Each structure stands twice: as structure tokens, then as C-alpha cells.
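Asker: Based on what follows, work out the 3D shape:
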Amino acid sequence: MKLQGTKATLTWKTPFTSKEKVRGFRIYEKDDKISKYWSLYVPVKPGTTQYSTVIEHLNPELQLHLFCLFILRSYCRYKEYMFVM
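Answerer: Now for the predicted structure:
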């Protein structure tokens, strides 16, 4: 994770260990510090293995625990990355 002022850029790769295809990624903040029930969905793009998203209007004084869940085609989820700010 890269923090610049009030913007955080998250970068991750698609997992290659899964037997099922990933249909998207759900970014969420564990402690509701961004806002209650905040999350962000990033859909998979065919042929793309590296993903990035920018979260704006963050308070740089807060420590955030951001997680990236890989959403599988069967709707099972598993945690892969944790970003700490």
C-alpha cells in the first residue's frame, strides 16, 4: 500500500493457487474507520493479473487494516492480502 496525503493506492496480484476462477475482489476495512460497512468491489478483467485501486479522502492519522478478499465463482471467499496503513 502506498499512502500519499489522503490517498492510498493498493496493489495486488490474482492468486494462482486457486482451482476456481476468481470473479472479483472485495476490499474492506476491518474496524469501520473509513465508514460503517465500507467496502469496495473490483471486478476481474480478462488477461489481467496485477490490480490496483485508489481510496481517497482518508485520514492519514488513523491506522487502517484493509483486507482484500478474493471472490471465487462458487461464492466462497478467502483472505489473501492485508494492507496496514
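
Asker: shaky segments in the chain?
Answerer: Within the chain, the ranges that satisfy pLDDT under 70 run 16-20, 74-85.

Asker: so Leu72 bridges to which residues?
Answerer: Here Leu72 sits in beta bridges with Val22, going by DSSP bridges.

Asker: doesn't Gly24 make contact with it?
Answerer: No. When contacts are counted by C-beta atoms under 8 Å, Leu72 is not listed as touching Gly24 (9.4 Å). C-beta coordinates here come from the backbone N, C-alpha and C atoms, glycine included.

Asker: count of neighbours near Leu64?
Answerer: For Leu64, the tally of surrounding residues (other C-beta atoms under 10 Å) stands at 19.

Asker: Please determine how far it is located from Ser52.
Answerer: With distances taken as C-beta to C-beta, to the nearest Å, Leu64 is found 17 Å from Ser52.

Asker: tell me the strands in the chain, going along the chain?
Answerer: 2-4, 7-13, 22-29, 39-43, 50-55, 65-72, 77-84 (DSSP state E).

Asker: who's in contact with the shortest one?
Answerer: With contacts defined as C-beta atoms under 8 Å, 6 or more residues apart in numbering, strand 2-4 is touched by 8-9, 11, 58, 60, 85.

Asker: Within its sheet, name the partner strands of that strand and how each one runs.
Answerer: Applying DSSP bridges to the sheet, strand 2-4 is found paired with strand 7-13 (antiparallel).

Asker: May I have the strand it pairs with as PDB, with CA atoms only?
Answerer: In PDB, the C-alpha atoms belonging to strand 7-13 read as follows (Å, rounded to 0.1, in the frame of the first residue of the first chain):
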ATOM      1  CA  LYS A   7      -5.000   8.800  -0.900                       C
ATOM      2  CA  ALA A   8      -4.000   5.200  -0.500                       C
ATOM      3  CA  THR A   9      -3.100   3.100  -3.500                       C
ATOM      4  CA  LEU A  10      -3.500  -0.700  -3.000                       C
ATOM      5  CA  THR A  11      -1.800  -3.100  -5.400                       C
ATOM      6  CA  TRP A  12      -2.200  -6.900  -5.500                       C
ATOM      7  CA  LYS A  13      -1.900  -9.900  -7.900                       C
END
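
Asker: Right, I'll leave it there.
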